[in-house]
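The following block contains a protein sequence and its predicted model.
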Amino acid sequence: MSTFQAPKGTYDLTPPRSATFLAVREAISAPLRDSGYGYIETPGFENVELFARGVGESTDIVTKEMYTLTTKGGDQLALRPEGTASVLRAALEANLHKAGNLPVKLWYSGSYYRYERPQAGRYRHFSQVGAEAIGTEDPALDAELIILADQAYRSLGLRRFRILLNSLGDKECRPVYREALQTFLRDLDLDEETRRRIEINPLRVLDDKRADVQKQLTDAPKLRDYLCDACKAYHEEVRALLTAAGVAFEDDEKLVRGLDYYTRTTFEFVHDGLGSQSAVGGGGRYDGLSEMIGGPELPSVGWALGVDRTVLALEAESVELDLPATTSVYAVPLGEEARRVLFGVVTELRRAGIAADFAFGGRGLKGAMKSANRSGARYTLVAGERDLAEGVVQLKDMESGEQSAVPPAEAAAELAKRLG
Ligand code: AMP
């Protein structure tokens, strides 16, 4: 193994592609910040019990894919596989729900870890931006989150995504359905592991991608037929609000999602240019999670959008983000004296909020101008001995090619004026 190789299933973000990742995080979080969501940051690891909760339903994300470790002090920790449980834990710890201002609306951005089989779009370390609205049961809140995710994707220029929507019922109707489904599934011809899954998380069996399994599921009982009146009414209201907002969605009865705590509204954003790992984001309501982790009853809803897959989706649609050049002015000194003078101008520019860079290392004019070009700078400042003897530096407009001589002391102000 080479010394310079990132661990399996991971990759580094390096310039220039890394700029797209930053822009995606910015675009996803902007609508949230404009809608009353406050920023929250939690540790990259948690006590393992936060994710592995007792017996109950369980999922691959927790049972098979979690990175767990025992610290030197004997604590059992897990690298966070998802954000919702951590954010809810942190909100409860800080008593945010008691401040009398429900829902508590939070957004976050960070790294998540799952020991998955790596493939295109599926990594062991990946990045999400997420949102959680804690403590309120209101279909408008579910609709708000879906609308904001739709707005974020559209603001990036994505078009080939679809929204899948389902309701998973609540603690009244879901168990009745679960049992009916289990009874149906137990009679099918299935392998050992799937049979185990019937007992632990039968809804996940509906999600099985294998054709021979899907063939047997045609007559499986449908959750829709088991939803209680309250769940039905709630779901209809979410659908109506989305429709009124002009956000198109597809009802998808098979949408179960990979985590065990969802109730009622569940949704996924899928992109048609991504092959098998098509989910770019997803979420739903988790009315029971707070109680599962020992908190009070706090009906909540949230989503997480995958940054890695959103970037892949942009690439699949050949969307070029309009990323402004990071450098506006590039300074090229020729000689010792020019180096001191231009370094001073660059410092002045930066303090005035103008992005500026400098040809370090005493490079020749040709090489330094190449760097200036590569930086995308609109202007270069060039100065040699003769310029300084005449009391000027050369200011070149890289777009028009026009060049003018300005005194060094006026260069920063002149550039500030030109750059508006
Ligand atoms: P989930 O918590 O599984 O619903 O994931 C939410 C989003 O995170 C997904 O829609 C993906 O965009 C992204 N995601 C989840 N797992 C991975 C992974 N292993 N690699 C890359 N992105 C992922």
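Ah, there it is.

contacts, neighbours, all on C-alpha from now
OK.

The stretch 1-150 of the chain against the ligand: which residues are in contact?
82, 114, 121, 122, 123, 124, 126, 128 (Cα under 6 Å from any ligand atom).

For the lowest-mean-pLDDT helix or strand in the chain, list every residue counted as buried.
Counting by mean pLDDT, DSSP states H and E, the chain has its least confident helix or strand at helix 60-63, which shows a mean of 79. Under the neighbour-count criterion of 16 or more other Cα atoms under 10 Å, helix 60-63 has 60, 61, 62 buried.

thought the second one was touching residue 114?
Spelled out, it's residue 61. Yes: taking contacts as Cα atoms under 8 Å, residue 61 lies within contact range of residue 114: 7.0 Å.

Quick check: neighbours shared by the two?
With contacts defined as Cα atoms under 8 Å, 6 or more residues apart in numbering, the residues shared by residue 61 and residue 114 are residue 81.

For the stretch 301-420 of the chain, which segments count as strands?
Taking DSSP state E, counting those that start in this stretch as the criterion, the stretch 301-420 of the chain contains strands spanning 329-333, 356-358, 379-383, 393-397, 403-406.

Filter the residues of the stretch 1-150 of the chain next to the ligand down to the ones in strands?
When strands are assigned by DSSP state E, the members of those inside them are 126, 128.

Show me which pair in the residues of the stretch 1-150 of the chain next to the ligand is furthest apart.
Greatest spatial distance among those (Cα to Cα): 82 and 121, at 16.4 Å.

So which of the strands of the stretch 301-420 of the chain is nearest residue 206?
Closest among these, using Cα to Cα: strand 356-358, at 56.2 Å.

and the closest one, what does it pack onto?
With contacts defined as 3 or more Cα pairs under 8 Å, 6 or more residues apart in numbering; DSSP states H and E, the packing partners of strand 356-358 are strand 329-333, helix 336-351.

With mean pLDDT and distance to the ligand as new columns, can the strands of the stretch 301-420 of the chain be given to me in a markdown table?
A markdown table is the format used below for the strands of the stretch 301-420 of the chain (pLDDT from 0 to 100; distance: least, Cα to the nearest ligand atom, whole Å):
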| stretch | mean pLDDT | distance to the ligand |
| --- | --- | --- |
| strand 329-333 | 98 | 37 |
| strand 356-358 | 97 | 35 |
| strand 379-383 | 98 | 39 |
| strand 393-397 | 98 | 42 |
| strand 403-406 | 98 | 48 |
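
Mean neighbour count added to these, as JSON lines?
As requested, these are arranged in JSON lines below (neighbours: other Cα atoms under 10 Å):
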{"stretch": "strand 329-333", "mean neighbour count": "28"}
{"stretch": "strand 356-358", "mean neighbour count": "22"}
{"stretch": "strand 379-383", "mean neighbour count": "25"}
{"stretch": "strand 393-397", "mean neighbour count": "22"}
{"stretch": "strand 403-406", "mean neighbour count": "15"}
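
Figure out which of those strands is closest to residue 414.
Taking Cα to Cα, strand 403-406 is the member of the strands of the stretch 301-420 of the chain nearest to residue 414, at 8.2 Å.
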